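Asker: Got a predicted model here, sequence first, then my questions.
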Amino acid sequence: MPRLAIRRATPADADVVAELVFSLLDELSGGKAPEKDEVLRRTRIVLDSDRVTALLAIEEDVPIGVITLNDCMAIYAGGPFGQISEFYVAPDKRSQGVAPQLLRAAKDEGRTREWTRLEVGAPSQPKWSRSLAFYLANGFEEVGPRLRISI
């Protein structure tokens, strides 16, 4: 079995993170992701922030997964907590234990940052029921829908 390494992404990894996140957005949107150059521009901004941590899953020097974590704070959460913004594993590497390893690394990061919890918005159901099942199987609780408004 190939060796998998999880490491923190740096601003120098912007191209790698952008490619993985582009693949995620393209899959979720049915091929309507923003242009790759725009995803790269956004990735550079995010990776330059001290409020975001990106972790990469790398197998034999090939990036195969990414998870991005945001520092958040709320009274309901008891103070600091983390939010998963992007979580992607290459389709041919799914169901091989990569996602649980990325999630464990995210929890370790959260413990280091003294987060009280880790939250995630699951993609729409029932189309992405495997994603919801993964989160539930890994200890997440379903707490309701997430809504948004552009400002």
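Answerer: Ah, there it is.

Asker: Would you mark the buried spots in stretch 47-60?
Answerer: The neighbour-count check on stretch 47-60 (16 or more other CB atoms under 10 Å) flags 47, 52-57, 59 as buried. Placement of C-beta: from N, CA and C, glycine included.

Asker: Max pairwise distance over those: which two?
Answerer: Across the buried residues of stretch 47-60, the longest distance by CB to CB is 23.4 Å; it joins Val52 and Glu59.

Asker: By residue count, which strand of the protein is the longest?
Answerer: In the chain, with assignment by DSSP state E, the single longest strand is strand 62-74.

Asker: Which secondary structure elements does that strand sit against?
Answerer: Using 3 or more CB pairs under 8 Å, 6 or more residues apart in numbering; DSSP states H and E, the elements in contact with strand 62-74 are helix 14-28, strand 52-59, strand 79-89, helix 98-112.

Asker: hmm, back to that, distance to Ala12 and pLDDT for the buried residues of stretch 47-60 - can I get that in JSON lines?
Answerer: Below are the buried residues of stretch 47-60 laid out as JSON lines (distance: CB to CB, whole Å; pLDDT from 0 to 100):
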{"residue": "Leu47", "distance to Ala12": "9", "pLDDT": "97"}
{"residue": "Val52", "distance to Ala12": "15", "pLDDT": "96"}
{"residue": "Thr53", "distance to Ala12": "15", "pLDDT": "97"}
{"residue": "Ala54", "distance to Ala12": "12", "pLDDT": "98"}
{"residue": "Leu55", "distance to Ala12": "15", "pLDDT": "98"}
{"residue": "Leu56", "distance to Ala12": "12", "pLDDT": "98"}
{"residue": "Ala57", "distance to Ala12": "17", "pLDDT": "98"}
{"residue": "Glu59", "distance to Ala12": "20", "pLDDT": "97"}
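
Asker: Relative to Ala133, which of these is nearest.
Answerer: Nearest member of the buried residues of stretch 47-60 to Ala133, counting by CB to CB, is Ala57, at 19.9 Å.

Asker: Under the pLDDT cut-off, which ranges of the chain? List them.
Answerer: Across the chain, residues meeting the criterion (pLDDT under 70) sit at 1.

Asker: picking up where we left off before, out of the buried residues of stretch 47-60, who's nearest Gly78?
Answerer: Thr53 (20.1 Å).

Asker: does the closest one really touch Arg8, like I thought?
Answerer: Yes. Contact criterion CB atoms under 8 Å: Thr53 and Arg8 qualify, at 6.5 Å.
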